[in-house]
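> next comes the sequence, and after it the predicted model I'd like to discuss.
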Amino acid sequence: MRLEIGCQDRVGIAQEVLMIFVEREIDLRGIELKRPGKIYIHIPDLEFSELQSFMPRLRLIDGVIDVKTTPFMPFERERHELETLIKTFPDPFISIDAKGNIRMINTVASLTIGCSEKELIGDQIGNWLKGFNFLRWLDSKEVLAQTRRVKIQEDDFVADIMPIHVSDSDGEEVLAGAVLILKSEARLGQQISAFKQANENNFAGIQASSGAMRKVIREAKRMALLDSSILLVGETGTGKELIARACHAASDRAEHPFMTLNCASLPDEAAETELFGVGVPGGVNSKRGLFELADGGTIFLDEVGEMSPKLQIKLLRVIQDGIFRRVDDESEINVNVRIIGSTNHDLLAMVSQGNFREDLYYRLNVLGLNIPSLRERRSDIIPLAEYFTAKFGQRIGKSAVSLSDDCRDFIEHYPWPGNVRQLENVLIRAVSLMEGNVVLTSHLQLPAYTREHGYLEQEFEGTLDAAVKNFEADLLRKLYPAYPSTRQLAKKLGLSHTAIANKLREYDINKKTVKI
C-alpha cells in the first residue's frame, strides 16, 4: 500500500508523520519526499479497520492537508516508465555498470545477441560486442561519449556509447556506467532513406487510384528531392499546378515562397514586369518581380509555351546564370530559384517550327513529367467525383451527398475534355443547385455525349459544310505525318492527287505547319 500525504512545508512535520507509523509498529518499506508539500510512504497492505484507526490521526497533525492512497511511489513510476521505454525502444539498448557488466538490456538487443535477458545480465559486455575496449574506456581518466563500429555475431553495428555520471555526497561527479544504443547497417539505411524521402503528406491530396497516376506520383516524389527544372506536360485541367505545389512542398525549398505566373493570361510587357519587376532611378517606387519574391523558392510558369521570344531569352539567362535585370534598370540581380513549367502543347514540335527556343526547352525539360488526362485514368474518376460531392456538400450544409448508380456510370464513361477541373466545376454546380442529397445525371450540365455517337456540344453553331471542313482538316493533319507525299495520301483516301493537293493547300497543311 502506498500513501500520498499532502502537507505544508514545516520543519519536523515528516518526523511527526513517521512517529504514528512507529507507534503502531507498521513496517515502513519506503519513504520519499517530493518537493515541499508531498510525502510518499510505502507500507504493507492493511485491513480497512486498521486504516480507519490511524488515518484520522495523520490528518490531525498540524500542517497535514490531505491523505490518500496512490498506486505508485514516484520512484516506482519513474522506474516503470524507464523500463517500458527501454523495452519498447526500436534499436538494441544495453546498460552497463562501471566495470563493464550488463545491468539492463531490451528485447531487441537480446534477440540480436541471441541469448535471453537472464543469461546476459551480469555478463561482461566485451564477451558479446567486439571492436571496442569497454574496460579501457571505463578506466580512462576522462570518459567521453563515443560512436564506434562494433560487431555482434559477425554483424556490423554502429554503437553510440554514452557515459552515465552521478553526484556523490560531496557533489563530485562519479562514473556509474554507460548506455549503448546500437544501429544495424539496414536500420541506418532506412533512417537515411526516410530523411531524404519527400513528405508523403504533400501528395496526399492528389487522387491516384489508377496505375498511370500512381506512376506519376512516384516519379514526382523522386523529382521533388532534386533541384533541377521540371516540365509538366498535360491537357488543361489535369492538375499540373497541384503537382507543382506538392513538389515544392516536398523539396528543400519548402520554407521559401512558391510563386505562379500564367504565361498565356498576360500580354508580353505585363508578363515581363510581373516576372522581373521594374526599376526606377533612385530605387524609389521600384517594383520587385516574381523572381525576387521567390528567391530561394520555386516559380511555377503555367503554359510556358505561350511565352514570347523576348521573355524566353530572359528566362534562359536566369536559369543558366541566376542573373536578370529589372525592366528599365541596368543593375543585375542574383537569385536562386527553381523553375517548374507546364504546357498543354507539344513544345518539341514548337521547337522544330521555330516557335520555341531549343536551348530553353532543354533547360526546362531536365526532369519531364507527363500528366495523363482523366480519360486515361478512368479508375480515378469515381473516387474524385465522390470526394468533390462530399466536400461541396459539407460546405453548404448537405450531409451524406451521394451519386446515383446511373450518374456514376455516366460520369465514369464521359470523355471529360476539361479533365479534373471540369469534373469539379460540374459537381460544384450540381450539388449547389439540386434538391435532396442524391446527384442524378440530369443535374449535370454537360455537352451531350453518347457511347454510340461520342461528344457533341449542346450549343452547336455553324453549318454542316463548316463542320465537314473542320473534320476534313483535322483528319488530314493526323494522316499527313504518316503520308507526307500527296500521292501516298491520295491513294490512302481514294482521291486524286490534284484533289489532295488542293485540300492541303486550302487547310495550310505542309511540312512547316505539321510535325513529321
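Nice, I can see it.
> can you report how many residues lie near R77?
Residues lying near R77 (other CB atoms under 10 Å) number 12. The C-beta positions use only the backbone N, C-alpha and C, and glycine is treated the same way.
> tell me which helix or strand it sits in.
Here R77 sits within helix 74-88, counting by DSSP states H and E.
> flag every buried residue along that helix.
Of all the residues in helix 74-88, those buried under the rule 16 or more other CB atoms under 10 Å are P74, E76, I86.
> let me have these in CSV, extended by pLDDT and distance to A294.
Shown next, in CSV, are those (pLDDT from 0 to 100; distance: CB to CB, whole Å):
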residue, pLDDT, distance to A294
P74, 83, 54
E76, 82, 57
I86, 75, 48
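> which one of those residues is nearest S352?
Nearest to S352 among these is I86, at 66.9 Å by CB to CB.
> next one: the closest one relative to D97, how far apart?
Using CB to CB, to the nearest Å, we find I86 at a distance of 16 Å from D97.
> same deal with K221?
Distance, K221 to D97, using CB to CB: 47 Å.
> pull the number of nearby residues for H248.
Neighbour count of H248, defined by other CB under 10 Å: 24.
> which SS class is it?
With DSSP: H, G, I helix; E, B strand; the rest coil as the basis, H248 sits in helix.
> re the thing from before, who are the packing partners of the helix holding R77?
Applying 3 or more CB pairs under 8 Å, 6 or more residues apart in numbering; DSSP states H and E, we find helix 74-88 packed against strand 30-33.
> hmm, who's touching the strand it packs on?
The contact list for strand 30-33 (CB atoms under 8 Å, 6 or more residues apart in numbering) reads A14, L18, I39, Y40, I41, H42, M73, P74, F75.
> how about the nearest residue to the first one, chain neighbours excluded?
Just to be clear, that refers to A14. Spatial nearest neighbour of A14, excluding adjacent residues (CB to CB, 6 or more residues apart in numbering): I39 at 6.0 Å.
> check contacts around the closest residue in space to F258 that isn't next to it in sequence.
Leaving out its chain neighbours, the residue that sits closest to F258 by CB to CB, 6+ apart is H248, at 4.6 Å. Each residue near H248 by CB under 8 Å, 6+ apart is listed here: A224, A254, F258, G297, T298, F300, R338, I340.
> so which of the residues you listed are in strands?
If you go by DSSP state E, the contacts of H248 have F258, T298, F300, R338, I340 in strands.
> neighbour-wise, give me the winner out of those.
I340 (28 neighbours).
> quick revisit: and the residue nearest to A14, which of the three is it?
Secondary structure, three-state DSSP: I39 is strand.
> quick check, pLDDT for it.
Turning to I39, the model gives it a pLDDT of 87.
> next up, the contacts around it.
I39 sits next to E4, I5, C7, A14, V17, I31, E32, L33 when contact means CB under 8 Å, 6+ apart.
> any idea how far it is from R375?
Separation of I39 from R375 (CB to CB) stands at 76 Å.
> helix, strand or coil for D227?
Going by three-state DSSP, the secondary structure assigned to D227 is coil.
> oh, that last question was meant for Y483, not what I typed.
coil.
> which residue is the nearest non-sequential neighbour of it?
Y483 sits nearest to L489 (CB to CB, 6+ apart), 4.1 Å away.
> next SSE after the helix or strand containing the one you found?
Following DSSP H and E, one finds L489 within helix 486-493. Following helix 486-493 in sequence order, the next helix or strand is helix 497-506 (DSSP H and E).
> quick check: buried residues in that next one?
Within helix 497-506, the residues scored as buried using 16+ other CB under 10 Å are I500, K503, L504.
> so the last one versus T486, what's the distance?
Using CB to CB, we find L504 at a distance of 7 Å from T486.
> same thing with P257?
54 Å.
> please apply the same query to I13.
Counting by CB to CB, the gap from I13 to T486 is 112 Å.
> cool, F75 as well?
Distance of F75 to T486, computed by CB to CB: 97 Å.
> can you check S184 too?
Taken as CB to CB, the span from S184 to T486 is 70 Å.
> likewise for A220?
Going from A220 to T486 by CB to CB gives 44 Å.
> quick one: which of those two has more around it?
Between A220 and T486, counted using other CB under 10 Å, A220 has the larger neighbour count: 23 against 20.
> in the one helix or strand the more buried one maps to, what's buried?
Take DSSP H and E as the rule and A220 turns out to sit in helix 211-225. Going by neighbour count (16+ other CB under 10 Å), the buried part of helix 211-225 is A212, M213, V216, I217, A220, K221, M223, A224.
> shouldn't the second one be in contact with Q207?
Meaning M213. Yes - counting by CB atoms under 8 Å, Q207 is a contact partner of M213 at 7.2 Å.
> before we move on, back to that, the helix holding L489 - contacts with which helices or strands?
Packing contacts for helix 486-493, counted by 3+ CB pairs under 8 Å, 6+ apart, involve helix 464-479, helix 497-506.
> give me that answer again for 6 Å
Counting contacts by 3 or more CB pairs under 6 Å, 6 or more residues apart in numbering; DSSP states H and E, helix 486-493 packs against helix 497-506.
> tell me what angle the helix it packs on forms with helix 464-479.
Here the directions of helix 497-506 and helix 464-479 differ by 100 degrees (axes from the mean of the first three to the mean of the last three CA atoms, to 10 degrees).
> what's in contact with helix 497-506?
T486, R487, L489, A490 (CB atoms under 6 Å, 6 or more residues apart in numbering).
> same question, stretch 359-373
The contact list for stretch 359-373, computed with CB under 6 Å, 6+ apart, reads 212, 219, 223, 228-235, 238, 240, 312, 316, 319, 341, 347, 351, 419.
> ChimeraX command to pick out the buried ones of these?
The ChimeraX selection below is limited to those of those classed as buried (16+ other CB under 10 Å):
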select :212,223,229,230,231,232,233,234,235,238,240,312,316,319,341,347,351,419
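> filter the contacts of stretch 359-373 down to just the ones in helices.
A212, E219, M223, K240, Q312, L316, I319, L347, V351, N419 (DSSP state H).
> nearest residue to the third one other than its sequence neighbours?
Taking CB to CB, 6+ apart as the measure, M223 lies nearest to L367, with 4.7 Å between them; neighbours along the chain are not counted.
> that neighbour and D346: what is the separation?
18 Å.
> kindly report the same for L188.
The value you get for L188 to D346, if CB to CB is used, is 46 Å.
> just to revisit the earlier point, any of the contacts of helix 497-506 buried? List them.
Neighbour-count burial within the contacts of helix 497-506 applies to T486, L489, A490; the criterion is 16+ other CB under 10 Å.
> tell me the one of the residues you listed nearest L111?
Proximity of the buried ones among the contacts of helix 497-506 to L111 (CB to CB) peaks at L489, which lies at 74.0 Å.
> which secondary structure element is home to the closest residue to R24 other than its chain neighbours?
Distances taken as CB to CB, 6+ apart put F54 closest to R24, at 5.9 Å, once the chain neighbours are dropped. Using DSSP H and E, F54 sits in helix 48-60.
> quick one: contacts of the helix holding A220?
Contacts for helix 211-225 (CB under 6 Å, 6+ apart): 198, 203, 208, 230, 243, 247, 250-251, 367, 369, 372, 376-377, 380.
> if we go to 7 Å?
In this structure, residues lying in contact with helix 211-225 by CB atoms under 7 Å, 6 or more residues apart in numbering are 196, 198, 203, 206, 208, 230, 243, 246-247, 250-251, 367, 369, 371-372, 376-377, 380.
> what segments of the stretch 1-150 of the chain are helices?
13-23, 48-60, 74-88, 107-113, 117-120, 134-139 (DSSP state H, counting those that start in this stretch).
> winner for burial among these?
Most buried of these, by mean neighbour count (mean count of other CB atoms under 10 Å): helix 107-113, with a mean of 19.
> correct me if wrong: I65 contacts D9.
No - using CB atoms under 7 Å as the test, I65 is too far from D9 to be in contact (11.2 Å).
> ok, K491 - contacts?
K491 neighbours (CB under 7 Å, 6+ apart): none.
> out of the helices of the stretch 1-150 of the chain, the one nearest L444 is which?
Among the helices of the stretch 1-150 of the chain, helix 74-88 comes nearest to L444, with 53.4 Å by CB to CB.
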